[in-house]
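Engineer: how does the following fold in three dimensions:
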Amino acid sequence: MTGESGATAVPHAAESATTAPLARAVVAAAGSRIIIFAAAFFAVGLIGYQKLPIGWRFPARAEVFHGALGHLLNPWAHWDGVWYIKIATSGYADGDGSTAFFPLYPMLLRWLGVLFRGNLVNTGIVISLVCYAGCVWLLYRLARADFDDGVASRAVVYLAVGPMSFFLQAVYTESLFLFLSLACFVCAREGRWRLAGFAGLLATLTRSTGVLLLIPMIYYYYEDKEWDLKSTDSHAANMLMVVEGLLVWMTYLALAFGKPLLFSTAQASWSRFLAAPNYTVAMGFFDSAIGAYRLLAAEFSRLFGTWALSSKALGDAANNLVDLAFFVPAVGLLWYGARRLPRAYSWYLLAALAYPLFFPSTDVPLLSYPRFTLTAFPLYIALAVFTRGRPKTHAALVIVGIVTLILLTAKFAVFRWVA
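Structural biologist: Sure thing, here's the model as predicted:
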């Protein structure tokens with residue numbers, strides 16, 4: 001009897017040890033969505049929306065609910081969400097900045113909106129949440145394949161409770177793009193080149209940074225060929241699908257407006273310009289230092305009533321500090337993971353973190369950088385590797401992440417700029 005009990009107990013214990021990390025990941029993934037919905041609901045109910053020009057909000061289509069239901073659902077169509085809903089209903093135009101937003105997400109809003117009787121707020125939330133669930137599954141699967149269940153679980157937790165993860169359920173492209181990026185990565189790692197290329201094509205139709213997926217695809221392809229260029233075969237053509245996504249968008253812009261690069265020139269609407277990454281980083285540090293000084297000066301002014309700064313100057317100062325607060329840890333994790341992550345991860349992460357640095361904004365050089373790091377998924381895996389064997393550090397990061405996530409969700413919900 002004793003021998004039989006012991007024989008059955010071992011597999012049960014092994015099964016429990018395997019399922020426990022996955023269960024923690026699922027609980028974190030689902031629980032964080034409940035927390036975020038609650039934070040937005042109470043923020044709108046207690047604070048209310050920031051007063052903005054009606055053209056920034058398009059309340060007829062982007063704020064379709066009223067009362068408690070409006071507090072729960074309307075906040076998720078703010079800022080870029082307004083643009084995507086406008087494009088889905090009215091299409092693109094030359095000169096209004098709309099062509100800076102790539103077409104796949106608004107196309108999905110328009111097509112799938114039929115299932116929701118034209119309610120594009122609900123449509124966008126559902127698209128993002130479904131893609132978020134796919135992100136959780138693919139990130140866990142990818143991290144587990146290269147590391148272990150513990151690293152995979154913590155990577156999903158960091159994705160779920162990260163300060164910017166509320167964007168993963170907003171009417172934004174973050175969730176869709178991250179899902180397609182992970183799908184491309186997983187398929188390339190497993191040698192399924194046609195699926196990898198198709199996922200990369202769709203990712204490029206979602207955001208311009210999708211072309212960066214060509215880097216890990218090339219790496220995995222030639223790693224499998226033991227770096228023998230002569231072994232290149234017909235599967236290599238599938239990698240070109242990633243670039244074809246960009247060419248499809250450029251072809252549409254050429255046919256519709258006669259300007260194939262209109263998606264790039266439209267960035268001027270956000271005061272973005274082309275620059276060297278070292279310039280952007282230097283200006284990010286410089287403007288953050290100036291921003292810290294301005295915030296201290298504003299506090300001095302509040303206490304002694306000597307002089308005051310404009311709300312824009314204060315907003316830019318705060319944004320510069322927040323952007324730098326995300327940039328520095330991201331670079332630190334890039335450096336930490338360089339010798340600990342598979343090289344395909346590190347090369348992709350380097351490209352993903354460097355790409356936005358080529359397009360700074362005038363007053364806020366690292367504009368939206370925190371949101372751009374959200375889809376750079378090797379960051380979560382590098383952080384999970386770092387906290388392996390450091391349970392107190394992991395717990396502290398989770399607590400800080402949840403608190404910051406709640407605060408930034410509330411700020412986004414009341415229609416104030418976050419990233």
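Engineer: quick check, Phe263 in contact with Ser208.
Structural biologist: Yes: between Phe263 and Ser208 there is a contact under C-beta atoms under 8 Å: 7.0 Å. Bear in mind the C-beta positions are built from the backbone N, C-alpha and C, glycine included.
Engineer: between these two, which contacts overlap?
Structural biologist: Common neighbours of Phe263 and Ser208, using C-beta atoms under 8 Å, 6 or more residues apart in numbering, are Phe102.
Engineer: spit out the contact partners of Phe377.
Structural biologist: Here Phe377 is in contact with 135, 139, 155, 159, 178, 181-182, 185 (C-beta under 8 Å, 6+ apart).
Engineer: lowest-pLDDT helix or strand in this structure?
Structural biologist: Every helix and strand of the chain was ranked by mean pLDDT, DSSP states H and E. The lowest is helix 59-62, at a mean of 62.
Engineer: what's the first helix or strand after that helix?
Structural biologist: Next in sequence after helix 59-62, counting helices and strands by DSSP states H and E, comes helix 67-73.
Engineer: now the following helix or strand past that following helix - C-alpha only, PDB.
Structural biologist: With elements assigned by DSSP H and E, the helix or strand that comes after helix 67-73 is helix 80-90. Extracted in PDB, the C-alpha atoms of helix 80-90 (Å, rounded to 0.1, in the frame of the first residue of the first chain):
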ATOM      1  CA  ASP A  80      -5.800  57.400 -30.300                       C
ATOM      2  CA  GLY A  81      -9.000  55.400 -29.900                       C
ATOM      3  CA  VAL A  82     -10.800  58.500 -31.200                       C
ATOM      4  CA  TRP A  83      -8.600  58.400 -34.300                       C
ATOM      5  CA  TYR A  84      -9.200  54.700 -35.000                       C
ATOM      6  CA  ILE A  85     -13.000  55.100 -34.600                       C
ATOM      7  CA  LYS A  86     -12.900  58.200 -36.900                       C
ATOM      8  CA  ILE A  87     -10.900  56.300 -39.600                       C
ATOM      9  CA  ALA A  88     -13.200  53.200 -39.300                       C
ATOM     10  CA  THR A  89     -16.300  55.400 -39.900                       C
ATOM     11  CA  SER A  90     -15.000  58.100 -42.200                       C
END
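Engineer: what helices or strands is helix 80-90 leaning on?
Structural biologist: helix 59-62, helix 104-112, helix 120-146 (3 or more C-beta pairs under 8 Å, 6 or more residues apart in numbering; DSSP states H and E).
Engineer: pipe the ones you listed into TSV and attach mean neighbour count and distance to Val27 per row.
Structural biologist: Below are the helices and strands packed on helix 80-90 laid out as TSV (neighbours: other C-beta atoms under 10 Å; distance: least, C-beta to C-beta, whole Å):
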stretch	mean neighbour count	distance to Val27
helix 59-62	16	32
helix 104-112	20	28
helix 120-146	21	11
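Engineer: for Pro342, which of the ones you listed is the nearest?
Structural biologist: Nearest of the helices and strands packed on helix 80-90 to Pro342, taken as C-beta to C-beta: helix 120-146 at 5.7 Å.
Engineer: need the contact list for Arg416.
Structural biologist: Taking C-beta under 8 Å, 6+ apart, we find Arg416 in contact with Gln50.
Engineer: what score does it have for pLDDT?
Structural biologist: Looking at Arg416, its pLDDT stands at 91.
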